[in-house]
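*Asks:* Predicted model and sequence below, questions to follow.
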Amino acid sequence: MLDERRLRRVLEIGRTVVSELDLETVLHRVLEEARELTGARYAALGVLDDDKQTLERFITSGASPEMHRTIGDLPRGRGVLGILIRDPQPLRLADVSQHPRSYGFPVGHPPMRSFLGVPVLIRGEAYGNLYLTDKQGADEFDASDQEATELLAGWAAIAIDNARAYASEQQRRVELEQAVGALEATTAIARALGGETDVDRILELIVKRARALLEARNVLLLLSENDELHVRASAGPLAAAVRDVRVPADDSIAGEVVRTMRPQRLADVRSRLRFALAGRLDADVGLFVPLVFRGRALGVLEAFDREDGSTFSADDERLLTSFAASAATAVATAQTAANEALRRSMQASERERARWARELHDETLQQLAGLKLLLSGARRRGSLEPLDGAIEQIDGVIAELRRLIADLRPAALDDLGLAAALESLLDRVERMSGLKTRIEIDIGPRRLPAGIEDAAYRIVQEALTNVTKHAGASEVSVTVRTEHDALAIAVTDDGVGLDPSAKTEGFGLIGMRERVSLAGGELTITPGESAGTVVAARLPIVDLGSARTAV
């Protein structure tokens with residue numbers, strides 16, 4: 001039976017052991033307390049593998065590092081140690097080397113005689129065994145030692161179970177936080193995509209979110225461009241150093257990730273990176289994940305060095321791979337939107353060019369051809385009379401060319417703004433067509449974004465061209481005003497109105513629809529109250545780009 005002093009000591013040890021939640025600390029603490037409680041020179045805890053057949057780990061106390069190096073490989077559960085594995089019952093021996101199942105000790109192993117082995121059972125299932133050898137001050141362990149060790153093994157089982165449960169709970173918490181972080185990052189990209197189709201803004205958002213998600217020092221995003229990978233976005237201290245760097249798709253880690261569409265983790269970045277990035281990235285570890293959309297790799301997302309100095313784990317790889325799937329969708333959608341906008345812009349430009357070509361062919365070139373015939377006839381007759389008519393025609397051609405130049409790029413739009421350009425346009429239309437014009441502009445003193453001014457001017461210009469050529473109108477009015485965050489435009493005439501039998505729209509209406517669509521606005525064409533047509537457009541006031549084009 002345990003004496004009162006030892007019993008109190010066991011209870012005291014139990015209270016301190018079960019309060020510890022770190023598993024490694026619990027295991028080493030149990031061994032130290034077992035040696036002190038029983039007077040054993042050496043103590044060990046053998047942890048069973050999942051099959052409960054061999055020892056997966058063998059933790060010792062009392063043996064020096066030099067002794068471990070001399071002994072070599074640690075036991076796996078054969079001989080006497082295997083008895084407790086097959087039959088988890090306490091085992092006490094006066095001389096372990098004399099047991100029939102003893103295999104003896106390897107070369108360099110310290111001599112051991114007395115032995116006490118006790119199973120550690122967690123909820124009735126064997127976790128491992130507690131081994132004590134070489135009792136100091138006595139030839140062997142006694143029944144009191146066995147009883148104290150069994151009590152300690154019970155405390156150890158509770159402490160190990162608590163620590164494992166705590167570790168599991170912590171792991172689940174970390175995984176949940178990572179999942180929430182990935183969801184938040186993915187949601188942020190989705191929200192940005194809903195109101196932003198600029199590829200560069202999307203790429204910037206992706207690298208910033210990925211860096212926060214992994215707590216990485218630096219994150220790069222490279223997109224495939226022909227036979228190269230181009231650094232299109234970066235986040236972290238080294239962002240400026242790697243901006244616009246290009247690496248070959250062949251014979252590079254990023255290229256391999258793109259080709260195989262499989263992520264890679266690098267434990268030694270410095271020796272693996274080559275080409276332009278090698279001399280610019282001061283990094284130790286890396287994680288490379290492909291951006292895959294519909295079975296095609298658009299590029300690669302690269303993370304370097306954790307903020308806490310740890311390496312990237314398999315969980316980090318899964319987390320970034322999941323994030324990259326949503327990021328790839330955002331990139332592909334933004335690229336598609338950009339390509340579609342470019343295509344439509346090019347189509348609009350081609351329609352504009354076709355219109356001006358017809359203008360030049362139908363009017364200016366015909367006038368020049370008539371002038372040539374007039375002068376040729378005068379030369380044959382040797383008469384100077386036609387010169388006055390020729391000069392008049394030349395003046396007409398010059399005026400027509402000036403009109404075309406003004407239509408192509410009105411100087412007032414660049415220098416004075418939308419209001420002045422529209423007033424000049426209506427004055428020119430009134431002088432050349434005989435239409436009575438009226439204009440009302442209320443857009444405030446500040447200039448609108450250049451893209452909005454361009455779009456508004458072209459819409460009014462197209463509408464007035466249709467009125468002068470097709471409406472048979474005597475009067476036209478233009479109103480342009482700002483309404484909250486939009487620019488409202490209306491062109492109203494008193495002409496013959498829309499032709500309900502027309503099956504297709506002319507180039508003018510098509511051009512207006514394309515301009516309004518590119519600006520993200522709305523266009524309506526409706527009959528007037530008593531006669532004629534009302535062309536109304538509403539353009540959101542956002543910066544469509546400051547560059548002014550010729551068409």
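*Replies:* Thanks, I have the structure now.
*Asks:* Walk me through the domains of the chain.
*Replies:* Domain assignment for the chain by automatic domain parsing gives 4-168, 180-340, 411-551.
*Asks:* Distance to residue 381 added to those domains, as CSV?
*Replies:* C-beta: built from backbone N, CA, C; applies to glycine. Shown next, in CSV, are those (distance: least, CB to CB, whole Å):
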stretch, distance to residue 381
domain 4-168, 110
domain 180-340, 61
domain 411-551, 33
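*Asks:* can you put the ones you listed in a markdown table and add mean neighbour count and distance to residue 378?
*Replies:* Shown next, in a markdown table, are these (neighbours: other CB atoms under 10 Å; distance: least, CB to CB, whole Å):
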| stretch | mean neighbour count | distance to residue 378 |
| --- | --- | --- |
| domain 4-168 | 17 | 105 |
| domain 180-340 | 18 | 56 |
| domain 411-551 | 17 | 28 |
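*Asks:* Out of these, the one nearest residue 394 is which?
*Replies:* With CB to CB as the measure, domain 411-551 is the member of the domains of the chain nearest residue 394 (17.4 Å).
*Asks:* any low-confidence regions in the stretch 151-300 of the chain?
*Replies:* Counting by pLDDT under 70, the stretch 151-300 of the chain shows low-confidence ranges at 178, 181-183, 185-197, 274-279.
*Asks:* Nearest residue to residue 485 in space, ignoring adjacent ones along the chain?
*Replies:* Leaving aside its sequence neighbours, residue 485 sits nearest to residue 541 (CB to CB, 6 or more residues apart in numbering; 5.5 Å).
*Asks:* what about the domains of the chain, which gets the closest to residue 371?
*Replies:* Per CB to CB, nearest to residue 371 of the domains of the chain: domain 411-551, 19.6 Å.
*Asks:* three-state assignment of residue 111?
*Replies:* coil (DSSP: H, G, I helix; E, B strand; the rest coil).
*Asks:* check contacts around residue 62.
*Replies:* 35, 40-43 (CB atoms under 8 Å, 6 or more residues apart in numbering).
*Asks:* Now with 6 Å, please.
*Replies:* 41-42 (CB atoms under 6 Å, 6 or more residues apart in numbering).
*Asks:* Correct me if wrong, but residue 118 is in a strand.
*Replies:* Yes. Judged by three-state DSSP, residue 118 forms part of a strand.
*Asks:* Now do the strands in the stretch 301-450 of the chain.
*Replies:* In the stretch 301-450 of the chain, the strands defined using DSSP state E, counting those that start in this stretch lie at 436-442.
*Asks:* before we move on, back to that, and the residue nearest to residue 485, how far is that from residue 486?
*Replies:* Distance, residue 541 to residue 486, using CB to CB, to the nearest Å: 6 Å.
*Asks:* Then residue 169?
*Replies:* 54 Å.
*Asks:* Quick one: list the elements packing against the helix or strand where residue 13 lies.
*Replies:* Element membership of residue 13 [criterion: DSSP states H and E] is helix 4-18. Where contact means 3 or more CB pairs under 6 Å, 6 or more residues apart in numbering; DSSP states H and E, helix 4-18 is packed against helix 143-195.
*Asks:* and the helix it packs on, what other elements does it pack with?
*Replies:* Counting by 3+ CB pairs under 6 Å, 6+ apart, helix 143-195 packs on helix 4-18, helix 23-38, strand 115-122, helix 199-214, helix 314-359.
*Asks:* That one versus helix 199-214: what angle between them?
*Replies:* 170 degrees (axes from the mean of the first three to the mean of the last three CA atoms, to 10 degrees).
*Asks:* Run the chain-centre distance for helix 143-195.
*Replies:* Counting by CA atoms, centre = their mean, to the nearest Å, helix 143-195 is centred 28 Å from the centre of its parent chain.
*Asks:* Just list whatever residues bridge to the closest residue to residue 48 other than its chain neighbours.
*Replies:* Excluding its sequence neighbours, the residue lying closest to residue 48 (CB to CB, 6+ apart) is residue 128, at 5.2 Å. Residue 128 has these beta-bridge partners by DSSP bridges: residue 47, residue 120.
*Asks:* Spit out the contact partners of residue 128.
*Replies:* 45-48, 120.
*Asks:* Low-confidence ranges, the stretch 301-450 of the chain, go.
*Replies:* Scanning the stretch 301-450 of the chain for pLDDT under 70 picks out 337-367, 369-370, 373-374, 377, 379-380, 382-388, 391, 395-412, 414-415.
*Asks:* let's go with 90 and repeat that
*Replies:* Under the criterion pLDDT under 90, the flagged ranges of the stretch 301-450 of the chain are 306-310, 313-316, 318-435, 443-450.
*Asks:* ok so residue 75 is a strand residue?
*Replies:* No. Going by three-state DSSP, the assignment for residue 75 is coil, not a strand.
*Asks:* how close does it sit to residue 113?
*Replies:* Applying CB to CB, the value for residue 75 to residue 113 is 17 Å.
*Asks:* again, but for residue 541
*Replies:* 92 Å.
*Asks:* try residue 43
*Replies:* With CB to CB as the criterion, residue 43 and residue 113 are 15 Å apart.
*Asks:* and what of residue 222?
*Replies:* Residue 222 is 66 Å from residue 113, by CB to CB.
*Asks:* about what we covered before: ok, which pair from the contacts of residue 128 is furthest apart?
*Replies:* Farthest pair in these, by CB to CB: 45 and 48, 10.7 Å.
*Asks:* Quick check: nearest residue in space to the residue positioned nearest the centre of the chain, chain neighbours excluded?
*Replies:* Nearest to the geometric centre of the chain sits residue 206, at 2.6 Å (CA atoms, centre = their mean). Closest residue in space to residue 206, ignoring its immediate chain neighbours: residue 327 at 4.6 Å, by CB to CB, 6+ apart.
*Asks:* ranges for the helices of the stretch 401-550 of the chain?
*Replies:* According to DSSP state H, counting those that start in this stretch, the stretch 401-550 of the chain carries its helices in the segments 411-415, 418-433, 450-466, 507-518.
*Asks:* quick check: angle from the last one to helix 450-466?
*Replies:* What it means is helix 507-518. Using the same axes, to 10 degrees, helix 507-518 lies at 160 degrees relative to helix 450-466.
*Asks:* Can you show me the CA trace of helix 507-518 as CSV?
*Replies:* What follows is helix 507-518, C-alpha atoms only, in CSV (Å, rounded to 0.1, in the frame of the first residue of the first chain):
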residue,chain,number,x,y,z
PHE,A,507,-24.6,53.2,-88.8
GLY,A,508,-25.5,56.3,-86.7
LEU,A,509,-27.8,54.5,-84.3
ILE,A,510,-25.5,51.5,-84.1
GLY,A,511,-22.6,53.8,-83.2
MET,A,512,-24.6,55.6,-80.5
ARG,A,513,-25.7,52.3,-78.9
GLU,A,514,-22.1,51.1,-78.9
ARG,A,515,-20.8,54.3,-77.3
VAL,A,516,-23.5,54.2,-74.6
SER,A,517,-22.8,50.6,-73.9
LEU,A,518,-19.1,51.1,-73.6
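*Asks:* what does the average pLDDT come to for that helix?
*Replies:* For helix 507-518, mean pLDDT rounds to 75.
*Asks:* and that helix, what does it pack onto?
*Replies:* helix 314-359, helix 450-466.
*Asks:* likewise the third one?
*Replies:* Here helix 450-466 is seen to pack against helix 418-433, strand 486-493, helix 507-518, strand 533-540 when contacts are counted using 3+ CB pairs under 6 Å, 6+ apart.
*Asks:* Relative to residue 59, which of those is closest?
*Replies:* strand 533-540 (68.3 Å).
*Asks:* what's the closest non-adjacent residue to residue 18?
*Replies:* residue 159 (4.6 Å).
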